[in-house]
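> mind folding the following:
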Amino acid sequence: MTTPEPGGPGVFIGHGPLTPEQRASLLALTVQLKAKGYQVLLDIDEPGRMAGTDYRQVLHERLRDCEACILLFTTAGIKDSHWLPIEGGILENRRRTEPEFIAITIFAGAATPDDLAAEGRWTPLQLANLERLTFEDPNLLADLDRHLDVLLLRRLAYEKPLVAVLRNDFREITLADARPVLESLGHPVDGLPRRDLPLRLSLNFLQVRDVDRLGDAVLNLAPFKAEAAKKAFHMCLPFAWLDDGIARALKTAHSSQPGVRAAATRTASDITCGMLVARTASWPPWPTLVVADYEGDDPPQDLLGAARREMADYYSPGEAVSDDELRREIETDPCVLVVPGPLPDLDVVAPLRETFPAATLLFTATSKDDVRRMGYHPFVVYLETLPPQDDEDTMLRRRRKVLRYIDRIQKIGEAG
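Below you'll find the predicted structure:
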């Protein structure tokens, strides 16, 4: 057996006797599939000649562990192979018990599906309904990748906690309802198995990097699933509008030592601030608490008091809570405290930083020059990659329009 590459989804390829040319082509195909990120589990030796190897045990292990199975049929393999029927039996069992398991047949040379039907030993394996490809087709690699790429998407989904949330919301959507949504996102639905539709939708929503395209997709989804459309829009808009630089910068600020966790941005929008925090891709999102109306006779204590009230309302609504309890909450459940501009003097912020050192501060309506001029630059991370003001205004207008449309749809549904 070939040694699988670590990390990628496992694809088992079973075959019978091959000509030297077919063997060379199969090995070349294996290299191409590995380059795309798959682990290829391939028998490159005649099983009967694998001295010292319990081939049946190895075979069962590989077929048990793989996420997809490809059976390559030649005329000789259909008539004479002892191992292909065993592989086909295991494959059929996994297909019946695991709806997401992928099984594909490839026919090489003169072999056809009719040859399987003519050999009675293949009838119980019910291979007729599998995807059928042709080994000599110049588009074979592209066709295989089209059927297998969902394995890479599933693996990617494990790394993205947001995907599980969206996938659950999309679990009952039909192919007909999904068609205009996927087309809006630039991904046609044709050929997509129904079982993989929620995953494909989720990843495509998260991967779109255009606000208008995301808005169109959400508007196409809203008539069928209004609440899921609104949730997807809120979750995915930060990714469509903001680049990775924002996420890295804010994570850098949060990963600093307690007491010096701070970032600054030029925006004055509370909505945009929430999106900046959401762009870090943490799930659930960090709470974004706006500390406003702290002007008074004692600004340092007024700011601390306003922050304390915001955190208490979030972490222990309606209950009395001590600073020690709030500090413990923040250490295990991070929060971002938004301090509206203009940027206060350092001594105004000092009590807040000392009392709640684990909180990440986000100063708004602030320029990079302000940060340096007022002495914040040693510890404040400036979010420089925020799009220009005109782009932000356009995004916020688009956001209001999409959400207003979804609200109208929901009200019509409730009235009906």
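> quick one: mean pLDDT for the strand or helix carrying I78?
Secondary-structure element containing I78, defined by DSSP states H and E: helix 75-80. Confidence over helix 75-80, taken as the mean pLDDT, stands at 84.
> the helix or strand following that helix - contacts with which helices or strands?
Secondary structure here is assigned by DSSP H and E; on that basis, the next helix or strand after helix 75-80 toward the C-terminus is helix 83-97. Using 3 or more CB pairs under 8 Å, 6 or more residues apart in numbering; DSSP states H and E as the contact criterion, the elements in contact with helix 83-97 are strand 10-15, helix 55-65, strand 68-73, strand 102-107. Any C-beta I mention is one placed from the backbone N, CA and C, and that applies to glycine too.
> give me whichever of the ones you listed is most buried.
Highest mean neighbour count among the helices and strands packed on helix 83-97 (mean count of other CB atoms under 10 Å): strand 68-73, with a mean of 25.
> by how many degrees do that one and strand 102-107 diverge?
For strand 68-73 against strand 102-107, the angle by axes from the mean of the first three to the mean of the last three CA atoms, to 10 degrees is 20 degrees.
> can you start the count at 34 instead of 1 from here on
Shifting the count to begin at 34 puts that one at strand 101-106.
> tell me the buried residues in the longest helix that the chain contains?
Of all the segments of type helix in the chain, defined by DSSP state H, the longest one is helix 422-448. By neighbour count, with 16 or more other CB atoms under 10 Å as the criterion, the buried positions of helix 422-448 are E425, M428, R431, R432, V435, L436, Y438, I439, I442.
> again with stretch 111-120
If you call a residue buried by 16+ other CB under 10 Å, then stretch 111-120 has these buried ones: I111, S114, W116, L117, P118, I119, E120.
> next one: stretch 159-170 to chain centre, how far?
In terms of CA atoms, centre = their mean, to the nearest Å, the centre of stretch 159-170 is found 30 Å from the chain centre.
> the chain: strands as residue ranges?
43-48, 72-75, 101-106, 135-140, 164-167, 295-297, 321-323, 369-372, 393-396, 413-415 (DSSP state E).
> by how many degrees do the third one and helix 88-98 diverge?
Translated: strand 101-106. Relative orientation of strand 101-106 with respect to helix 88-98: 130 degrees, computed using the same axes, to 10 degrees.
> any idea how this structure splits into domains?
In the assignment given by automatic domain parsing, the structural domains of the chain cover 43-186, 193-275+430-448, 277-419.
> tell me the mean pLDDT over the shortest one?
Mean pLDDT, computed over domain 193-275+430-448, is 87.
> with stretch 123-133 instead?
For stretch 123-133, mean pLDDT rounds to 78.
> can you mark which positions in it are buried?
Counting neighbours by 16+ other CB under 10 Å, one finds that the buried residues in stretch 123-133 are I123, L124, E125, R127, R128.
> ditto for stretch 323-343
323-324, 327, 332-333, 335-341, 343.
> contacting residues around that stretch?
By CB atoms under 8 Å, 6 or more residues apart in numbering, the residues outside stretch 323-343 that reach it are 303, 306, 322, 356, 359, 370-373, 377, 380-385, 388-389, 392.
> need the strands of the chain in CSV (columns: distance to A282).
Below are these laid out as CSV (distance: least, CB to CB, whole Å):
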stretch, distance to A282
strand 43-48, 38
strand 72-75, 36
strand 101-106, 39
strand 135-140, 40
strand 164-167, 45
strand 295-297, 7
strand 321-323, 16
strand 369-372, 13
strand 393-396, 11
strand 413-415, 5
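> compare the ones you listed and give me the one nearest S349.
Of all the strands of the chain, the one in closest proximity to S349, counting by CB to CB, is strand 321-323 (13.2 Å).
> what about that closest one, average pLDDT?
Taken as a whole, strand 321-323 has a mean pLDDT of 94.
> that strand pairs with which strands, and in what direction?
Neighbouring strands of strand 321-323 in its sheet, by DSSP bridges, are strand 369-372 (parallel).
> and the buried residues of stretch 323-343, which two are the farthest apart?
Greatest spatial distance among the buried residues of stretch 323-343 (CB to CB): V323 and P333, at 18.6 Å.
> using PDB, list the CA coordinates for stretch 299-308.
What follows is stretch 299-308 as a C-alpha-only set of coordinates in PDB (Å, rounded to 0.1, in the frame of the first residue of the first chain):
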ATOM      1  CA  ARG A 299     -10.800  55.800  13.200                       C
ATOM      2  CA  THR A 300     -14.400  54.700  13.000                       C
ATOM      3  CA  ALA A 301     -17.100  56.200  15.300                       C
ATOM      4  CA  SER A 302     -19.700  53.600  14.500                       C
ATOM      5  CA  ASP A 303     -20.700  51.200  17.200                       C
ATOM      6  CA  ILE A 304     -21.900  48.800  14.500                       C
ATOM      7  CA  THR A 305     -18.600  48.800  12.800                       C
ATOM      8  CA  CYS A 306     -16.800  48.200  16.100                       C
ATOM      9  CA  GLY A 307     -18.900  45.100  16.700                       C
ATOM     10  CA  MET A 308     -17.900  43.900  13.200                       C
END
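> mean confidence score for it?
Averaged across stretch 299-308, pLDDT comes to 94.
> in that stretch, what's buried?
The neighbour-count check on stretch 299-308 (16+ other CB under 10 Å) flags R299, T300, S302, T305, C306, G307, M308 as buried.
> can you check the pLDDT for the residue of the chain positioned farthest from its centre?
The outermost residue of the chain, judged against the average C-alpha position, is D330 (48.9 Å), by CA atoms, centre = their mean. The score at D330 is 86. That number is its pLDDT.
> okay, and the beta partners of the residue nearest to L181 when sequence neighbours are not counted?
Spatial nearest neighbour of L181, excluding adjacent residues (CB to CB, 6 or more residues apart in numbering): A101 at 5.8 Å. When bridges are assigned using DSSP bridges, the partners listed for A101 are V44, I135.
> isn't A101 up against R128?
No - A101 is not in contact with R128 according to CB atoms under 8 Å; the separation is 10.9 Å.
> list residues touching both of these two?
F134, A136.
> what about the residue nearest to C306 when sequence neighbours are not counted, how many neighbours?
Leaving out its chain neighbours, the residue that sits closest to C306 by CB to CB, 6+ apart is V371, at 5.0 Å. By the other CB atoms under 10 Å criterion, the neighbourhood of V371 contains 22 residues.
> quick one: contacts for V371?
With contact set as CB under 8 Å, 6+ apart, V371 has these partners: D303, C306, T321, L322, V323, V324, L395, T397.
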